[in-house]
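Student: structure, please.
(2 chains)
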Amino acid sequence: MSERVRRRYLALRVLSEQHISQEDLLDAVWNAVLQLFGEHGASQTNLTLIEYNSEKSWGIVRCSHKAVEIVRASIASITEINGKPVAIDVLGVSGTLEALRKKVSF
Amino acid sequence: MRRFVDLHLQPSVKNLDEVKRMVDRSSKLGYRLVGIPLPPNIAQDGVRQLKEICSDVGIDLVTRVDLTSKTPRQLLGELRHLRRRFEVVSVMCTSKAVARQAARDRRVDLLSFPATSFRRRFFDRAEAELASQALSSLEVDVAQLLSSRVFSRIRLLSSLRKEVAIAKKFGVPVAISSGATDVHLMRGPYDCAALASLFDMTVPLALRALSEIPLMIVERNREKLSPSFVAPGIRSVRGKRVCRSV
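Tutor: Numbers count the residues shown, from 1 in each chain, chains lettered A, B, ... in the order given. Coordinates of the predicted model:
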């Protein structure tokens, strides 16, 4: 029997003076993971962007439960997008989307 | 519940709007104590103003001075003048002689090393042994890591990994601070802990370096600076009273 996949959902808040699109955010996160942990590390994350609200600058990403620290460190290491300063905060981590939404009020 | 401390927030003290913005973000990120390096000649009014800004957002301000002495003699002179005026004293060790003097002096709380010049990171076994006897801590700034790129970041991570391992071996406490000069370089305590895993610090150890260790430094120094302090563990409880013999 195959092992059940355990996932973690991370709520993000983007702090920037410019408009950040969904593609820009995803590119920045993937580049940060690749830069810090390489292709081998990136392959273990199973990273996906679940939701992003560019108006309110928040989003939710999903990753493997074993890769939470990798993803968190990578997100924290992002300092600019499109040459403009940016900071991305992880507001909360949870095992289900429902619990994450309860935990973090956007 | 943990009380998180950021001992090294570096806004321009003259720009009160910037101080307000950074302190407000610190509060939102979950910090309860914030250390801001102040100029040695700062007036009491200036400190009071900063304390008011911090208390408005529920943050406790820790006064801190960063010494960048060039010689051990200069360092001793500065410590003599400034130790009792600031709650935390940090020394940026730019030469080996200054690093050794700072590590053996009990008046120094934090040892910092330049991020960009790797030959001037003097935190080796001898330095750690001196620091462990004098109760000084090694300070790691997350902003140094965030603002470095590719090769300099690789070298910095390698140096930090080595230094943290030496500190652990000799029982030197490590304090993690933001070192941020701008709101975009500030990160929450759990994000800093995740970044610390890049130089092989476990998350529980990193969380201690963001809460208990800096808090211990501040509490120890506040006790020493209080007027009732006599010696470690001894406080005067009441003022002198003249007893008349019958």
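Student: what's across from the closest residue to B:Met186 other than its chain neighbours in the sheet?
Tutor: Nearest non-adjacent residue to B:Met186, counting by CB to CB, 6 or more residues apart in numbering or on different chains: B:Ala180, 4.5 Å away. Any C-beta I mention is one placed from the backbone N, CA and C, and that applies to glycine too. According to DSSP bridges, the partner residues bridging B:Ala180 are B:Leu9.
Student: one more: B:Asp141?
Tutor: B:Ser177.
Student: quick one: it and B:Ala115 touch, right?
Tutor: Yes. Using CB atoms under 8 Å, B:Asp141 is in contact with B:Ala115, at 7.2 Å.
Student: please enumerate the helices of chain B.
Tutor: B:16-29, B:44-56, B:72-82, B:96-104, B:125-134, B:142-147, B:150-170, B:189-196, B:203-210, B:212-225 (DSSP state H).
Student: okay if I get these as a markdown table plus mean pLDDT?
Tutor: A markdown table is the format used below for the helices of chain B (pLDDT from 0 to 100):
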| stretch | mean pLDDT |
| --- | --- |
| helix B:16-29 | 95 |
| helix B:44-56 | 94 |
| helix B:72-82 | 95 |
| helix B:96-104 | 95 |
| helix B:125-134 | 94 |
| helix B:142-147 | 94 |
| helix B:150-170 | 94 |
| helix B:189-196 | 96 |
| helix B:203-210 | 96 |
| helix B:212-225 | 94 |
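Student: out of these, deepest packed?
Tutor: Burial of the helices of chain B is given as mean neighbour count (mean count of other CB atoms under 10 Å in any protein chain shown); helix B:189-196 ranks first at a mean of 24.
Student: give me the contacts around that one.
Tutor: Identification of contacts with helix B:189-196 by CB atoms under 8 Å, 6 or more residues apart in numbering or on different chains yields A:69, A:72-73, A:75-77, A:89-90, B:2, B:4, B:29-31, B:140, B:142, B:145-146, B:176, B:178, B:187, B:201, B:203, B:205-207, B:209-211.
Student: repeat that for stretch A:90-97.
Tutor: A:6-13, A:50, A:58, A:60, A:65, A:68, A:72, A:75-76, A:100, A:103-104, B:188, B:190-191.
Student: if you set the cut-off to 10 Å instead, what comes out?
Tutor: A:6-13, A:50-51, A:58, A:60-63, A:65, A:68, A:71-72, A:75-76, A:99-106, B:187-188, B:190-191, B:194 (CB atoms under 10 Å, 6 or more residues apart in numbering or on different chains).
Student: what's the ChimeraX line that selects buried ones from these?
Tutor: Under the burial definition 16 or more other CB atoms under 10 Å in any protein chain shown, those of the contacts of stretch A:90-97 that qualify are selected in ChimeraX by:
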select /A:7,8,9,10,11,12,13,51,58,60,61,62,63,68,71,72,75,76,100,101,104 /B:187,188,190,191,194
